[in-house]
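Engineer: My questions concern the predicted model and sequence given below.
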Amino acid sequence: LSNYFANIMDTGFTSDMEAKLDSVAEGEQDWVEMLKEFFAPFDQAVTETANKAERVDRRSLLQMSEEKCDGGDLLVIRNGRYGKFLSCGRFPECRVAISERPGERATGEVKENWEIAWKAAMEKCAILHPEAAAKVAQEAEAKQSASRKRRKKKPSTGATVNN
């Protein structure tokens, strides 16, 4: 946005617009005239941008988290009205979402509540993506099976004593 709408992204513009809106609210300025002053150059900037801006797949702009859902997908870091949160990479088909993992300084209760919310979100994810959840379950079972086999193969290290 700052490449094509630098004037609108500027804090000076925001400050000026707030002052104009205040004057409209106080009856000092006609709101129709104020919007006309804003809209004409804005409409021109939108038209020019639509003609010359590079098209970008919005998914390429997503920031991936290190967290994976039970469906096996990396979760995406998104910004919402209450701050950052994690959501399924298949959004909007899947609307599984959870707040970011609490940091090191979080209290035990905060961490515990997050773990409960995480478990509920992953159960929902498994319902929405049964094929992916089944694959994750199969991988977990294969790891457990391999671990059991390794334990069985380990030779005894204890020596026997004959009396």
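Structural biologist: Right, received. Where do you want to start?
Engineer: Tell me which stretches of the chain form strands.
Structural biologist: 63-68, 74-80, 83-87, 97-99 (DSSP state E).
Engineer: And residue 59, what's its pLDDT?
Structural biologist: We note a pLDDT of 65 for residue 59 in this prediction.
Engineer: Can you tell me which of the strands of the chain is nearest to residue 12?
Structural biologist: Closest to residue 12 of the strands of the chain is strand 74-80 (Cβ to Cβ; 23.9 Å). (Each C-beta comes from the backbone N, C-alpha and C, glycine too.)
Engineer: just checking, what packs against the closest one?
Structural biologist: Other helices and strands packing on strand 74-80, by 3 or more Cβ pairs under 8 Å, 6 or more residues apart in numbering; DSSP states H and E, are strand 63-68, strand 83-87.
Engineer: tell me the most buried of the ones you listed?
Structural biologist: Across these, averaging neighbours per residue (mean count of other Cβ atoms under 10 Å) puts strand 83-87 on top, at a mean of 16.
Engineer: okay, now the domains of the protein?
Structural biologist: Following automatic domain parsing, the chain resolves into domains at 6-52, 60-150.
Engineer: Pick out the shakiest of these, pLDDT-wise.
Structural biologist: Among those, domain 60-150 carries the lowest mean pLDDT (a mean of 75).
Engineer: hey, where'd the helices end up in the protein?
Structural biologist: Counting by DSSP state H, the chain has helices at residues 6-9, 11-25, 31-52, 108-128, 130-153.
Engineer: of all those, which lies closest to residue 96?
Structural biologist: helix 108-128 (4.7 Å).
Engineer: And the strands of the chain: which comes nearest residue 44?
Structural biologist: Across these, closest to residue 44 is strand 74-80 (Cβ to Cβ), at 29.2 Å.
Engineer: still on that earlier bit, and the helices of the chain, which is most packed in?
Structural biologist: helix 108-128 (a mean of 14).
Engineer: Kindly calculate the angle that that one makes with strand 63-68.
Structural biologist: For helix 108-128 against strand 63-68, the angle by axes from the mean of the first three to the mean of the last three Cα atoms, to 10 degrees is 90 degrees.
Engineer: Many thanks, we can stop here.
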